Structure formats: structure tokens, C-alpha cells
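In: structure of the sequence below:
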Amino acid sequence: MPERRRRSIPGAAVALGLLGLFVLMALLAPLLANDKPILARVDGRMLTPALADLPLVGALFESRAGRLVSWDPPGPGVVTLLRPPVPYSYRGIRLEMALVPPSSTHLMGTDALGRDLLARLIHGSRASLAVGLMATTLALMLGTLLGLTAALRGGLVDLVLVRVADAVASFPPIVLALAFVAASGRNGLGPIVASIALSRWTAAARFVRGETLRHASSELWVAARSTGASVARLALRHLLPLLAPPLAVLAAFGVAHAILLESSLSFLGLGVAPPIPSWGGILAEARANLGTAWWPVLFPSAALLLVLGSLCLAGEAAAEGGARRGGSRR
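Out: Below you'll find the predicted structure:
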């Protein structure tokens, strides 16, 4: 056991480090890959155009004068002081540069429309990771709520919710996600997140229901109820904190499955709508040139493998840590 523990800790550290790098890359994508400069002087005025594209805080750096200026090529009176490491836009079409292999100018080459592949991968991480995190969070919240409701209400409510969970779990998640997206009639971040969450909530619901039934029959729960403590108070103050570590393990694997589902939907043309890139969408676009260009397939696939592998390692490490803590308590 000690040898296994020593082997798992470095793997978990590497996995968490990779995940941190990917999340940081997604958050700072406008500063890493952009045809707009990070810092420029326009007619004597200092502007930060790339910072205006940052999520959440971009409005603080927004400037109307900066939006009216041409950056590629620079307009009159523009002096670029600091450019991003990848000075290309993820949506800049240049047909004369189509399918250029990796080089010092384009580190990962270009796609069939001449767009820099590294810039598209960096910005594609925003959609893929956002869908994975938001869909998993929504699925865990929905599953936890329904699991608690089924266990605490019992009777007909429990029977109906269990049968609904069984029915949803009997279908492959990709089939349900396809059905939900097709029923919504539109592509976009919202429908994708909702469809994945509605197809992935059953694992959390079953786990929470089982653990709630187990704790509700314990002597401590009965004693607390006899003192007048409400069911809601016991569930929120005492039960949910006990379930947090196992739910974190479900979350790690859930994010991996959600990213894979989003990539599959994008590959089938039902993912995030263009021009917003995602890793699955980049792979779908690369199918037409698979025989002549290998780089549009290799690099998005490698990014997906790295993220999914890191999430699985992190989930496995969390599960081992939870098992060791449970064993120490006993």
C-alpha cells in the first residue's frame, strides 16, 4: 500500500498541474492568441485591445477607439508595443495559407481556411472546458436535489424518481444528448450544457439517494430528529458535507465525460455553433483533409487525451484519498 501511495501522488500532482495549465490557458486565451495587441499606442493614447476580450473583466478594458482601429495590418497612427505569443486570430481566414504544415511561423500549422491551428486550440479550450464544468455542475446539483427528494420523501415520489432515473440511465448519454440538442432546434453553449446535464444526472442521484437512506436509518439521525431537528437542517448541515468528497470524485469523472460528449456532438455538427471553436469542432473540420494533412487531427486529439487523462487521474487520486480517510476513521 505505501508503494502504491507513493506512485499515485506524483501522478495526481502532474494531472492537477496539467488541468491547471489548461484552465489558465482557457481563461487567458485572448492574451495568448490574438491578432490584437496586448498594449498599443493609437495617436498618443495607450490602449489594451486584447484585454477587452477577457471573460468577465473584459468590459473594464473596453475602448470604443480600440474597436475602430485596424490591427492586422495596423492602421494609421497605430504603434504596437506588446503582442500575444500567438499573434493570430482564431477566426482569421486566409485562404492563401490553407493547410500549411507546422513551422516556426505557425507552430501547429493551419487548417483548410488558413486559420492558425494553435490559436484555434487555445480558444477552443474555452468552449470545451466551460461545457464540461458547467454541465457537470448542473448535473450534480440536479442529481443531488432529486436524490435527496427521493430518499427523504419516500413513497410514490421515491418510486417515480427511481423509475425516471432508471429510464434515463438505460439510454447511452450520447443518444440522449443528441435527442435534447435536436429537440432544442439550435446550437449553442446553453443547449449543449443542458443536454449533457440532463443525460448525466443519474449517477449523482442514485449515490445521494442510497447514502441518504443509509444515514436516515442510523441512530444519530433518529436521535437528532427526536430533539426536533428538521430534515432540511440535517440534510444541509450534516449530510451534504459528508457526501462532498465522493461527489468530488463523481465531478472529476463527470467533467471528463462531459468534455467527451461535447466533442462528440461538435464532431457530429451539433456542438457549439461557429465561429466559436471547440476541440470536437476542429476535429470535425479536419475530416475532409485527413488524407493530406495530419496536423489538424493530431493536435486536437492530443489536447483531448491530455485533459481526459488528467481528469481521470485526478478522480482516481480523489477516490483513493477518500478510501484512505474512510479506512482511518474505522
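In: so how many other residues sit close to the closest residue to M97 other than its chain neighbours?
Out: The shortest distance from M97 to any non-neighbouring residue, by C-beta to C-beta, 6 or more residues apart in numbering, is to G114 (3.8 Å). The way it works is simple: take the backbone N, C-alpha and C, and place the C-beta from them, glycine included. Residues lying near G114 (other C-beta atoms under 10 Å) number 17.
In: what's the answer for the one 10 residues further on, then?
Out: The local packing of G124 (other C-beta under 10 Å) involves 27 other residues.
In: and what of A179?
Out: 14.
In: start the count at 289, not 1, going forward
Out: Sure, I'll start counting at 289 from here, so that last one is A467.
In: surely it is in a helix?
Out: Yes - assessed by DSSP: H, G, I helix; E, B strand; the rest coil, A467 belongs to a helix.
In: and the gap between it and G380?
Out: Counting by C-beta to C-beta, to the nearest Å, the gap from A467 to G380 is 36 Å.
In: same check, this time on P343
Out: For P343, the distance to G380 (C-beta to C-beta) stands at 20 Å.
In: could you say which helix or strand contains L319?
Out: helix 317-320 (DSSP states H and E).
In: just the C-alphas of the helix or strand following that helix, formatted as CSV.
Out: Counting by DSSP H and E, the next helix or strand C-terminal to helix 317-320 is strand 327-330. Extracted in CSV, the C-alpha atoms of strand 327-330 (Å, rounded to 0.1, in the frame of the first residue of the first chain):
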residue,chain,number,x,y,z
LEU,A,327,-0.7,47.0,-25.5
ALA,A,328,-0.7,49.6,-28.3
ARG,A,329,-0.4,53.4,-28.7
VAL,A,330,-3.0,54.9,-31.0
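In: tell me which other helices or strands the following helix or strand past strand 327-330 touches.
Out: Sequence-wise, the next helix or strand downstream of strand 327-330 (DSSP H and E) is strand 333-335. Secondary-structure packing of strand 333-335 (3 or more C-beta pairs under 8 Å, 6 or more residues apart in numbering; DSSP states H and E): strand 327-330, helix 352-355.
In: lowest average pLDDT across these?
Out: With a mean of 64, helix 352-355 has the lowest mean pLDDT of those.
In: report the buried residues of stretch 557-566.
Out: 558-560, 564-566 (16 or more other C-beta atoms under 10 Å).
In: low pLDDT regions in the protein?
Out: Applying pLDDT under 70 to the chain flags residues 289-297, 351-356, 609-618.
In: could you look up the SS state of the residue nearest to F541 when sequence neighbours are not counted?
Out: Leaving aside its sequence neighbours, F541 sits nearest to G603 (C-beta to C-beta, 6+ apart; 4.6 Å). The three-state assignment at G603 reads helix, by three-state DSSP.
In: look up how far G299 lies from G603.
Out: Distance from G603 to G299, by C-beta to C-beta: 12 Å.
In: mind checking which of these two has more residues around it?
Out: More neighbours surround G603 than the other of G603 and G299, with 21 against 15 (other C-beta under 10 Å).
In: which residues does that one contact?
Out: Neighbouring residues of G603 by C-beta atoms under 8 Å, 6 or more residues apart in numbering: 537, 540-541, 544.
In: could you dump these to CSV with secondary structure and neighbour count?
Out: As requested, these are exported to CSV (DSSP: H, G, I helix; E, B strand; the rest coil; neighbours: other C-beta atoms under 10 Å):
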residue, secondary structure, neighbour count
V537, helix, 20
A540, helix, 22
F541, helix, 19
A544, helix, 21
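In: which among those residues gets closest to G363?
Out: The shortest approach to G363 among those belongs to A544, at 44.5 Å (C-beta to C-beta).
In: my guess is that closest one contacts C600. True?
Out: Yes - between A544 and C600 there is a contact under C-beta atoms under 8 Å: 5.8 Å.
In: next, the buried residues of the lengthiest helix in the chain.
Out: Counting residues, the longest helix found in the chain (DSSP state H) is helix 405-441. Neighbour counts using 16+ other C-beta under 10 Å place 405-428, 430-432, 434-440 of helix 405-441 among the buried residues.
In: also stretch 368-385?
Out: 368, 371-372, 374-378, 385.
In: how about stretch 454-471?
Out: Quick answer for stretch 454-471 (16+ other C-beta under 10 Å): 456-457, 461, 464-466, 468-469.
In: widest-spaced pair of those?
Out: Spatially, the most separated pair among those is A457 and V469, at 19.1 Å (C-beta to C-beta).
In: excluding sequence neighbours, find me the nearest residue to L395.
Out: That would be L406: by C-beta to C-beta, 6+ apart, it lies 5.2 Å from L395.
In: so the one you found is in contact with A321, correct?
Out: Yes - counting by C-beta under 8 Å, L406 touches A321, with 6.6 Å between them.
In: gap between the residue nearest to F541 and A493?
Out: Separation of G603 from A493 (C-beta to C-beta): 19 Å.
In: one more: A439?
Out: Counting by C-beta to C-beta, the gap from A439 to A493 is 10 Å.
In: show me where the stretch 439-588 of the chain has its strands.
Out: Ranges of strands in the stretch 439-588 of the chain, per DSSP state E, counting those that start in this stretch: none exist.
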